[in-house]
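Participant: Give me the fold of what follows.
(chains A and B)
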Amino acid sequence: DQQVKQNSPSLSVQEGRISILNCDYTNSMFDYFLWYKKYPAEGPTFLISISSIKDKNEDGRFTVFLNKSAKHLSLHIVPSQPGDSAVYFCAAPNQAGTALIFGKGTTLSVSS
Amino acid sequence: EAGVTQFPSHSVIEKGQTVTLRCDPISGHDNLYWYRRVMGKEIKFLLHFVKESKQDESGMPNNRFLAERTGGTYSTLKVQPAELEDSGVYFCASSRGPMETQYFGPGTRLLVL
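Facilitator: Numbering: from 1, shown residues only, chains lettered A, B, ... in the order given. From the prediction side, this is the model:
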């Protein structure tokens, strides 16, 4: 039973536009969320995180929004660049706070 | 600072054979994790070391998998005997503390024929 869900396997966006990647979770005990980015043949790289005490966290072109009542978070990339083309994983630490629970990932393709 | 390294990058073996994967964490990182991604699915946690001790091995699929971290430095993950369903990408990650950012290695792509 998946606790972290990314229901869109892929997303295509034009360069300069906004990319919005979505993630839903089922466990209301989760209090911290992370986004990882993965290029082919590489491991996931940490991108941005958000604590449940916040509803928004911004880092340059990347912003993560958290809606606790809906158990939903989203990653916004503005403006999107071709180099952003990668697989994006949403993750949350397990209740012990150590292992990460990942979604299946969303493949973002940004065309120039 | 060198990142997490994994060896080999690829391994193709036949069902029933043994394979050993190695992970070298970032220097000074006491926490080491193993994860696996089967094609098209999510990255799944296998186990977590703090130094040489196994803190959580709840994700290990069965007793064909054995992980060690002797001396608290590098770690090995042995699969013996390998089955077809063990194919996937095995990632290692490390962090300084248990609640800190996990840094991932490039993964070992294992194919069991």
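
Participant: where exactly do the strands run in chain A?
Facilitator: A:4-5, A:10-14, A:19-25, A:32-38, A:45-51, A:56-59, A:62-67, A:72-77, A:86-93, A:100-102, A:106-111 (DSSP state E).

Participant: Run through chain B and note the low-pLDDT ranges.
Facilitator: B:1 (pLDDT under 70).

Participant: sorry, that was for chain A
Facilitator: For chain A, no stretch is flagged by pLDDT under 70.

Participant: Just put the strands of chain A in JSON lines and tack on mean neighbour count and distance to chain B.
Facilitator: Quick note: C-beta positions are derived from backbone N, CA and C, even for glycine. Formatted as JSON lines, those follow (neighbours: other C-beta atoms under 10 Å in any protein chain shown; distance: least, C-beta to the nearest C-beta, whole Å):
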{"stretch": "strand A:4-5", "mean neighbour count": "19", "distance to chain B": "8"}
{"stretch": "strand A:10-14", "mean neighbour count": "14", "distance to chain B": "12"}
{"stretch": "strand A:19-25", "mean neighbour count": "21", "distance to chain B": "12"}
{"stretch": "strand A:32-38", "mean neighbour count": "21", "distance to chain B": "8"}
{"stretch": "strand A:45-51", "mean neighbour count": "16", "distance to chain B": "5"}
{"stretch": "strand A:56-59", "mean neighbour count": "12", "distance to chain B": "13"}
{"stretch": "strand A:62-67", "mean neighbour count": "18", "distance to chain B": "15"}
{"stretch": "strand A:72-77", "mean neighbour count": "19", "distance to chain B": "16"}
{"stretch": "strand A:86-93", "mean neighbour count": "22", "distance to chain B": "7"}
{"stretch": "strand A:100-102", "mean neighbour count": "22", "distance to chain B": "4"}
{"stretch": "strand A:106-111", "mean neighbour count": "17", "distance to chain B": "11"}
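
Participant: Dump these to CSV, plus distance to B:Thr73.
Facilitator: Formatted as CSV, these follow (distance: least, C-beta to C-beta, whole Å):
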stretch, distance to B:Thr73
strand A:4-5, 31
strand A:10-14, 39
strand A:19-25, 35
strand A:32-38, 25
strand A:45-51, 23
strand A:56-59, 32
strand A:62-67, 34
strand A:72-77, 35
strand A:86-93, 24
strand A:100-102, 22
strand A:106-111, 35
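
Participant: Apart from its chain neighbours, what residue comes closest to the closest residue to chain A within chain B?
Facilitator: Residue of chain B nearest chain A, by C-beta to the nearest C-beta: B:Phe104 (3.3 Å). Closest residue to B:Phe104 apart from its sequence neighbours, by C-beta to C-beta, 6 or more residues apart in numbering or on different chains: A:Gly43 at 3.3 Å.

Participant: ok, back up a step: show me the residues around the residue of chain B closest to chain A that make contact.
Facilitator: Going by C-beta atoms under 8 Å, 6 or more residues apart in numbering or on different chains, B:Phe104 touches A:36, A:43-45, B:4, B:35, B:91-93.

Participant: if I look at it, how far off is B:Tyr90?
Facilitator: 11 Å (C-beta to C-beta, to the nearest Å).
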